[in-house]
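Q: Provided below for reference: sequence and predicted model.
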Amino acid sequence: MSLKQTMTVFETMDSAYVNGETIKELFTAYPGVSVAVQTVAGAEGSTDFVKIVVPGKNGKSTGGSARTFGIIGRLGGIGARPSRIGMVSDADGAVAAIACALKLAEMQKNGDVLDGDVIISTHICPNAPTQPHEPVDFMGSPVDILTMNRYEVSDEMEAILSIDTTKGNRIVNHKGIAISPTVKEGYILRISEDLLRIMEMTTGQLPVTFPITQQDITPYGNDLFHINSILQPAVATDAPVVGVAITAQTAVPGCGTGASHETDIALAVKFAVEVAKEYTNGTTSFYDEQEFAHMNRRYGSMKIFQTMGVEAHN
């Protein structure tokens, strides 16, 4: 179960005074877990990037060979103060990521150590700006998306789950969680059968997925429409990335307060932890490596979609 960890993180982050050091204090009882906090300033304020490493018993951080897994909590900010009081819907990704780390730390303390390392990253900003978006307003961020990727995407991550509130749309009308197809090096690949199986197991329901377009996997700032930033980590890595969307039946603005549902966040946490278990021990794959190599031979590289495109080279 992951509801306890989710509630702990939720209550900790639901504050005008929360920062990265507040999050770091949650892990003082887990000496085997490392937490790094870095404050980064942008045009509209600052935010604290948090990186947590939960080492595996055969992890590469200690000289082992097991695969390293990444979990990114993607968001603009956890609060929109002073215009909005309280934690916003956009905070769900950060809550989920930190709760994943807390659950994995507790498991390690209790003797259940994953085979490989898990790296969890997100950022903490209780007073982020908002920005217009259709059909509902988005949360902005004091730093740009390239800065987020620089601090949240690590070269060590060999596969990534990007968790993000994805309620401001009419594309997925389901309360709970949904997953995207795998994105790798500019390609939108088929949805992983392993992840569908894990989703069925952890939710007890039929799996729910959400469609993405070519625009969604290109970098922000190129004047194209994006469903949200859930797949922005894919522009900064060659590792396969899957979006884990925390969803609603109605279109909910990212800057809306009172719109987070703890049980849905906990469901995302439970799913991510189970994927981490299986990925690091080698029993789960995000994509078919042979098929991906075959696609590259037939159609060539699609890495241009990880860049700003042709205009950026003129």
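A: That came through fine.
Q: avg pLDDT for stretch 226-236?
A: The average of the pLDDT scores along stretch 226-236 is 96.
Q: same check on stretch 120-131?
A: For stretch 120-131, mean pLDDT is 92.
Q: and what of stretch 173-180?
A: According to the model, stretch 173-180 has a mean pLDDT of 96.
Q: run through the stretch 51-200 of the chain and note the low-pLDDT ranges.
A: When residues are selected by pLDDT under 70, those of the stretch 51-200 of the chain lie in 133, 136-137.
Q: run through the bridge partners of the residue nearest to Ser83 when sequence neighbours are not counted.
A: Setting aside the residues directly before and after it, Ser83 is nearest to Thr130 in space (Cβ to Cβ, 6 or more residues apart in numbering), at 6.9 Å. C-beta here means a position set from N, CA and C on the backbone, and glycine is covered the same way. Per DSSP bridges, residues listed as beta-bridge partners of Thr130: Met139.
Q: settle this for me: Thr130 is touching Ala80, isn't it.
A: Yes. With contact defined as Cβ atoms under 8 Å, Thr130 reaches Ala80; the gap is 5.4 Å.
Q: tally up the residues packed near the residue nearest to Ser83, please.
A: Close neighbours of Thr130, defined as other Cβ atoms under 10 Å, add up to 19.
Q: I'd like to know how far it sits from Cys255.
A: The spacing between Thr130 and Cys255, counted by Cβ to Cβ, to the nearest Å, is 5 Å.
Q: next, show the common contact partners of those two.
A: Contact criterion Cβ atoms under 8 Å, 6 or more residues apart in numbering; residues bridging Thr130 and Cys255 by contacting each: 80, 83-84, 137-139.
Q: out of these, which are buried?
A: Burial of the shared contacts of Thr130 and Cys255 was assessed by neighbour count (16 or more other Cβ atoms under 10 Å); the buried members are 80, 84, 137-139.
Q: quick check: the farthest pair among the residues you listed?
A: Arg84 and Phe138 (13.0 Å; Cβ to Cβ).
Q: what sits in contact with each of those two?
A: Taking Cβ under 8 Å, 6+ apart as the contact definition, Arg84 and Phe138 share the neighbouring residues 130, 255.
Q: for stretch 163-181, which positions count as buried?
A: By neighbour count with 16+ other Cβ under 10 Å, stretch 163-181 contains the buried residues 163-169, 172, 176-181.
Q: which one of these sits closest to Arg297?
A: Among these, Pro181 lies closest to Arg297 (Cβ to Cβ), at 20.7 Å.
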